[in-house]
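Trainee: dropping a prediction and its sequence here:
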Amino acid sequence: MRPLMPAVLLLAMGSAQAAPIAMEDQSQLHVPDAQAAPQFAPPAESELPDNAFGKMVRDGHALFVDTRRLMPEAVGNGLNCSNCHLDQGRLAHSAPLWGAYPMYPAYRKKNDKVNTFAERIQGCFQFSMNGKPPAADSPQMTALSVYAYWLSTKAPTGIEIAGRGYPDVPRPQGGYDFKRGQQVYQEHCAICHGDNGEGQKVAGEYVMPPLWGKDSYNWGAGMHRINTAASFIKYNMPLGKPGSLSDEQAWDVAAWVNRHERPQDPRLVEGSVEKTRLKFHANDGVNLYGQKVDGVLIGQGIR
Ligand code: HEC
Ligand code: HEC
């Protein structure tokens with residue numbers, strides 16, 4: 001065994017030859033092994049203390065499941081946070097809040113900086129909710145963070161817990177296919193999400209969320225990546241029958257969903273889809289933004 005170096009010397013060396021910091025791409029999470037059974041269970045609502053903290057947790061929960069109605073100024077589409085983070089942000093393999101909260105602050109390639117938890121949530125407001133993010137120090141942001149903090153009670157900090165994110169679904173050998181995807185959609189999805197991905201409303205309120213069109217997530221959202229949508233779909237859809245689609249079916253239907261128009265990427269560069277594609281989409285997983293499908297340019301946006 002090598003003799004231990006005196007700490008002073010190590011420090012001196014460290015400052016002389018500082019290595020570049022390795023940066024993980026957090027825009028597509030490295031999720032733990034999908035097969036590993038989640039060990040973590042968030043606390044039950046009955047465990048909430050009856051005090052100011054408990055009240056704020058309840059406020060955050062309400063904002064998470066009823067986002068559009070309670071924060072119309074911040075939401076620009078027909079979605080609530082809980083439409084993509086199922087079971088009120090509690091469900092494993094559905095990007096649960098307890099898998100996220102203990103992992104921030106973290107570097108994200110998407111905006112090339114270290115993001116606080118509040119900034120991560122702001123990202124979902126801007127893209128997934130096609131809206132205007134509330135200020136980091138606003139009461140709403142505090143309540144949402146407090147809700148996530150409480151769900152993470154007893155979770156370790158800075159360690160990936162099984163069940164975080166949406167597990168990777170390997171790209172099928174033959175790639176994906178729009179025709180097959182359309183068929184999967186008609187057979188397994190249209191009954192709830194509508195023939196044209198428009199969702200369903202009752203008394204003016206969505207009861208089934210839209211998958212494309214003006215009220216859906218925008219072209220900058222993580223869900224616009226076919227790989228991310230395939231992961232979400234494989235592990236969470238059809239609602240009530242998660243895991244029933246093959247990997248290929250999940251990719252096919254994710255491609256079908258994400259070849260349809262949705263609100264423009266709010267980062268649009270100089271009004272140009274091509275410039276935006278080069279800057280933000282060329283290295284962002286598998287996506288169709290700025291590409292032609294059947295001769296039609298995808299990513300023109302819809303209002
Ligand atoms: C259209 C679907 C969708 C909606 C709606 C949505 N999100 Fe997300 N959210 C995602 C995706 C996709 C990711 C990235 C997961 C990945 O990369 O594996 C994500 C990631 C997150 C993360 C980080 C997860 C982690 O483990 O690091 C948080 C926190 C989060 N969302 C909170 C929210 C909040 C709060 C709202 C409502 C204001 C919201 N999301 C609305 C799709 C959505
Ligand atoms: C039984 C009804 C039902 C079926 C069938 C179903 N979904 Fe969903 N889906 C929902 C509901 C409800 C939500 C919102 C979940 C929530 O809020 O708890 C949802 C959420 C989603 C979301 C995220 C929210 C959004 O609007 O972008 C996507 C993507 C999605 N479903 C895709 C699919 C696909 C693809 C299929 C077919 C393979 C499918 N769903 C089948 C009911 C259904």
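Mentor: Good, I have the coordinates. Ligands and ions are numbered 1, 2, ... in the order given.
Trainee: nearest residue to residue 60 other than its sequence neighbours?
Mentor: residue 147 (2.8 Å; CB to CB, 6 or more residues apart in numbering). From N, CA and C alone the C-beta is placed, and that goes for glycine too.
Trainee: helix or strand for residue 100, which one?
Mentor: Secondary structure assigned from DSSP states H and E places residue 100 in helix 97-100.
Trainee: export that helix as PDB, just CAs?
Mentor: In PDB, the C-alpha atoms belonging to helix 97-100 read as follows (Å, rounded to 0.1, in the frame of the first residue of the first chain):
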ATOM      1  CA  LEU A  97     -41.300  14.400  -6.200                       C
ATOM      2  CA  TRP A  98     -39.500  12.400  -3.500                       C
ATOM      3  CA  GLY A  99     -37.100  11.100  -6.100                       C
ATOM      4  CA  ALA A 100     -36.400  14.700  -7.200                       C
END
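Trainee: returning to that earlier point: so who does the residue nearest to residue 60 touch?
Mentor: 56-57, 59-61, 63-64, 89, 97 (CB atoms under 8 Å, 6 or more residues apart in numbering).
Trainee: secondary structure class for it?
Mentor: Assigned by DSSP: H, G, I helix; E, B strand; the rest coil, the conformation of residue 147 is helix.
Trainee: for residue 201, same thing?
Mentor: strand.
Trainee: tell me the pLDDT of the nearest residue to it once chain neighbours are set aside.
Mentor: Here the nearest residue to residue 201 in space, its sequence neighbours aside, is residue 207; by CB to CB, 6+ apart that works out to 6.7 Å. The predicted local distance difference test score for residue 207 is 97.
Trainee: just the element for the closest residue to residue 225 other than its chain neighbours, please.
Mentor: Leaving aside its sequence neighbours, residue 225 sits nearest to residue 285 (CB to CB, 6+ apart; 3.9 Å). For residue 285, there is no enclosing helix or strand under DSSP H and E.
Trainee: so which residues on the protein come close to ligand 2?
Mentor: Proximity of the chain to ligand 2 (CB under 6 Å from any ligand atom) is limited to residues 79, 82-84, 86, 188-189, 191-193, 208-211, 216-217, 223, 229, 232-233, 237-240, 245, 253, 257.
Trainee: of all residues in the chain, which one is nearest the centre?
Mentor: With distances taken as CA atoms, centre = their mean, the residue of the chain nearest its centroid is residue 222 (5.4 Å).
Trainee: does that one touch residue 120 like I think?
Mentor: No - counting by CB atoms under 8 Å, residue 222 sits too far from residue 120 to count as a contact (11.1 Å).
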